[in-house]
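Q: need a structure here:
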Amino acid sequence: MGILDGIEIFALTVEAGSFAAAARRLGVTASAVSRRVANLEEQLGVPLLARTTRSLSLTHDGQSFHERCVRILEELGEARDALAHVRKRPSGTIRVDAPIALGRAMIAPRLPEFLSRYPDVSVDLTLRDQFVDPFVEGLDVLLRVGALGDSTLIARRLGESRLVVCGSPAYLKRRGMPKTPRDLSRHECLCYLRGGRPQPWRFREGGVLHEVVVRGRYNSSDVDVILRGALAGQGLVLLLDFLVADAFRAGTLVRVLADYDSTARPIHALYPKNRHLVPKVGAFLDFAAALFASSRRTPARARSS
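A: Now for the predicted structure:
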């Protein structure tokens with residue numbers, strides 16, 4: 001018997017309160033249980049139980065070890081339960097929460113493909129920009145863009161996104177193409193509003209991050225609104241690349257200032273511990289990972305004139 005068997009027997013003995021009680025549950029003799037716990041103590045090199053003729057009690061080391069054993073056995077039990085379902089076909093409802101822009105641009109357009117692949121799975125997709133507690137709301141997966149805070153959730157990195165500057169061909173023909181971020185001062189820029197204020201645009205030049213204050217007559221707190229403004233030729237816009245990928249492919253927007261890098265923003269799937277072992281959740285996570293992997297395309301650049 002290995003150390004894990006000894007841990008299980010030790011934990012059961014503590015729970016039962018005696019070797020005899022643990023032995024009855026296991027269907028073996030009390031002396032067999034006592035020997036197995038003694039073997040575990042020998043392997044660890046410390047006494048775990050203080051024995052008297054009438055009772056057992058945990059030693060100081062035994063108390064600390066027992067607390068960890070309980071957590072280990074709980075996690076092992078969850079893993080066993082999940083693996084019991086691993087051969088089953090994905091089925092049931094999966095509840096997914098995503099930021100509005102990410103959900104509209106990346107997830108919703110491809111969901112029919114996922115549902116076609118897994119006919120026994122249904123998806124409840126909630127789009128919002130607030131962080132929520134998945135345990136309270138019964139969520140299976142949260143998709144997030146940007147740096148992650150402290151959390152008990154498990155994170156799986158799906159990819160990354162960068163902010164890119166772009167404008168319509170008609171606007172660039174009318175106003176010219178900026179060669180450096182400093183040229184933005186003479187351009188109309190559609191700005192994203194946070195807290196009612198336009199956000200500065202950031203560029204990395206020579207390894208140094210610079211903030212550029214831009215101005216325009218058309219600003220909004222909704223990225224879809226400023227994207228539509230850019231498509232209509234109202235000015236330049238700074239948006240995450242996945243939001244403008246279709247426009248780049250169609251030629252309705254063209255990237256500018258591509259030589260001035262911006263900081264990459266990671267995209268993660270977050271989920272409670274061991275949820276990925278549930279077939280429907282594992283299937284969605286794999287689907288999302290493949291989706292973001294296939295989305296990495298090099299956008300069209302404006303030609304110098």
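
Q: so residue 156 touches residue 268, yeah?
A: Yes: applying C-beta atoms under 8 Å, one finds residue 156 in contact with residue 268, separated by 6.4 Å. In this view, the C-beta of every residue, glycine as well, is placed from N, C-alpha and C.

Q: who's more crowded, the two?
A: Set residue 156 next to residue 268 and count neighbours by other C-beta atoms under 10 Å: residue 268 wins out with 20 against 15.

Q: what's the closest non-adjacent residue to that one?
A: Excluding the flanking residues, the one nearest residue 268 by C-beta to C-beta, 6 or more residues apart in numbering is residue 155, at 4.7 Å.

Q: Pretty sure the one you found sits in a helix.
A: No: using DSSP: H, G, I helix; E, B strand; the rest coil, the assignment for residue 155 is strand, not a helix.

Q: helix, strand or coil for residue 284?
A: Residue 284 ends up helix, using three-state DSSP.

Q: Using the three-state scheme, assign the residue nearest to it when sequence neighbours are not counted.
A: Computed as C-beta to C-beta, 6+ apart, the closest residue to residue 284 that is not its neighbour in sequence is residue 94, at 5.4 Å. Under three-state DSSP, the three-state class of residue 94 is strand.

Q: Check what pLDDT residue 228 gets.
A: If you check residue 228, the pLDDT there is 93.

Q: ok, now how distant is it from residue 259?
A: According to C-beta to C-beta, to the nearest Å, residue 228 stands 27 Å off from residue 259.

Q: quick one: which of the two has more around it?
A: Under the neighbour definition other C-beta under 10 Å, residue 228 and residue 259 were set side by side, and residue 228 has more, 15 against 10.

Q: if I've got this straight, that one is in a helix?
A: Yes: under three-state DSSP, residue 228 falls within a helix.

Q: show me the contacts for residue 242.
A: Contacts for residue 242 (C-beta atoms under 8 Å, 6 or more residues apart in numbering) come out as 102, 105-106, 161, 295.

Q: Look at residue 129 and report its pLDDT.
A: Here, the pLDDT recorded for residue 129 equals 82.

Q: these two touch, right, it and residue 97?
A: No: judged on C-beta under 8 Å, residue 129 makes no contact with residue 97 at a distance of 10.4 Å.

Q: And the two? Which one has more around it.
A: Neighbour count, other C-beta under 10 Å: between residue 129 and residue 97, residue 97 has more, with 22 against 11.

Q: list the contacts for the more buried one?
A: 125-128, 132, 134, 137, 139, 141-143.

Q: Show me which pair in those is furthest apart.
A: 127 and 134 (15.2 Å; C-beta to C-beta).

Q: Who has more neighbours out of these two?
A: Neighbour count, other C-beta under 10 Å: between residue 127 and residue 134, residue 134 has more, with 20 against 16.

Q: Against residue 97, how distant is that one?
A: In terms of C-beta to C-beta, residue 134 sits 7 Å off from residue 97.

Q: Find residues that contact each of the two.
A: Common neighbours of residue 134 and residue 97, using C-beta under 8 Å, 6+ apart, are residue 142.

Q: where along the stretch 101-250 of the chain do the helices fall?
A: Here the stretch 101-250 of the chain has its helices, by DSSP state H, counting those that start in this stretch, at 111-117, 134-137, 169-175, 223-231, 241-250.

Q: What is the third one packed up against?
A: The elements that helix 169-175 packs onto, with contact taken as 3 or more C-beta pairs under 8 Å, 6 or more residues apart in numbering; DSSP states H and E, are strand 254-256.

Q: centre of the chain versus the strand it packs on, how much separation?
A: Centre-to-centre, strand 254-256 and its host chain are 29 Å apart (C-alpha atoms, centre = their mean, to the nearest Å).
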